[in-house]
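*Asks:* sequence-free structure coming up:
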């Protein structure tokens, strides 16, 4: 068993703190930008170089804002009502992947409409950097000692600060889950695929695996006997299955 004593601050310079959580966003943004610029998918998709920058800006802002709003509303509303200044403190964590996906889709839709791109072609190219970002983000959650699992007696259980007993390191489970999806998408992207196929695979795999990880993650809210994460995963799974069937029916 392991006692968590990691410092969430990577570097302090006077009053300035650089946290691991912030580094994930920075390097995630950088990796996505390089992928859109350098990969064959990106080179073949974007009509102009400046479109790459615009696209990343659209999706980044919309997904971060939406992920924050979803987390506040569906996971921890009472806490933020009593301490509203925490809403602005992104570096303390508190993001909803389901909200981030919906917000990202909105940003992609607006970009596609403005510049006349195929919506699903854009969502396909996002899946790989997104999944890598999610995998690294869960490691940052572990360092932050947040979003931990339920009480456990397994050999690798972790004693988190301000948490009762030893618990499942569910953040690490989720990181492994996201790395698995990432490598599946890499494998699929190197073969011929139909427009929207990578998007549907991501939605299906993420929903199924997240649903089961929720059984060892400390629940924050229940709806109809399901955790909030499981409840939202059902909707993303349905969307993924619908899209996969639609994609396979195209010629």
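*Replies:* In hand now; what should we look at? Because the structure is predicted, anything quoted here is derived from the model rather than measured. Numbers count the residues shown, from 1 in each chain.
*Asks:* I'd guessed residue 178 sits against residue 135; true?
*Replies:* Yes. Taking C-beta atoms under 8 Å as the definition, residue 178 is a contact partner of residue 135 at 3.7 Å. Just so you know, the C-beta spots here come from the backbone N, C-alpha and C atoms, and that holds for glycine as well.
*Asks:* quick one, which of those two is more surrounded?
*Replies:* residue 178 (25 against 20; other C-beta atoms under 10 Å).
*Asks:* check contacts around the more buried one.
*Replies:* 131, 132, 134, 135, 138, 206 (C-beta atoms under 8 Å, 6 or more residues apart in numbering).
*Asks:* same deal with residue 230?
*Replies:* Contact partners of residue 230, counting by C-beta under 8 Å, 6+ apart, are 210, 211, 214.
*Asks:* so the first one makes contact with residue 227?
*Replies:* Spelled out, that is residue 210. No. In this structure, residue 210 is not within contact of residue 227 by C-beta under 8 Å, at 10.0 Å.
*Asks:* Tell me which of those two has more neighbours.
*Replies:* Between residue 210 and residue 227, residue 210 has the larger neighbour count (other C-beta under 10 Å), namely 22 against 19.
*Asks:* what about that one, is that helix, strand or coil?
*Replies:* helix (DSSP: H, G, I helix; E, B strand; the rest coil).
*Asks:* For the residue lying closest to residue 3 once chain neighbours are set aside, grab phi and psi.
*Replies:* Nearest residue to residue 3, sequence neighbours excluded (C-beta to C-beta, 6 or more residues apart in numbering): residue 159, at 4.6 Å. Torsion angles at residue 159 (phi, psi; degrees, to the nearest 10) stand at phi -90, psi 110.
*Asks:* now do residue 146
*Replies:* phi -130, psi 160.
*Asks:* how close does it get to residue 162?
*Replies:* Distance from residue 146 to residue 162, counting by C-beta to C-beta, to the nearest Å: 10 Å.
*Asks:* got the residue ranges for the strands in this protein?
*Replies:* Using DSSP state E, the strands assigned to the chain run over residues 2-3, 9-13, 16-19, 158-159, 222-223, 226-227.
*Asks:* For residue 194, find the nearest of those.
*Replies:* Among those, strand 226-227 comes nearest to residue 194, with 32.1 Å by C-beta to C-beta.
*Asks:* Pairing partners for the closest one, with directions?
*Replies:* strand 222-223 (antiparallel) (DSSP bridges).
*Asks:* which residues sit against the strand it pairs with?
*Replies:* In contact with strand 222-223 (C-beta under 8 Å, 6+ apart) are residues 228, 231.
*Asks:* pLDDT on that strand, on average?
*Replies:* Across strand 222-223, pLDDT averages out at 81.
*Asks:* for stretch 101-112, same thing?
*Replies:* 91.
*Asks:* So which bits of it are buried?
*Replies:* For stretch 101-112, a neighbour-count test (16 or more other C-beta atoms under 10 Å) marks 101, 102, 103, 104, 105, 106, 107, 108, 111, 112 as buried.
*Asks:* just stretch 58-67 next, same as before
*Replies:* For stretch 58-67, the neighbour count (16+ other C-beta under 10 Å) marks 58, 59, 60, 62, 63, 64, 65, 66, 67 as buried.
*Asks:* What's the end-to-end length of stretch 209-221?
*Replies:* Using C-alpha to C-alpha, to the nearest Å, one end of stretch 209-221 lies 19 Å from the other.
*Asks:* Pull the residues that contact it.
*Replies:* If you take C-beta under 8 Å, 6+ apart as the criterion, stretch 209-221 is touched by 74-76, 97, 147-150, 152, 163, 167-168, 170, 173-174, 177, 180-181, 226-230, 233-234, 237.
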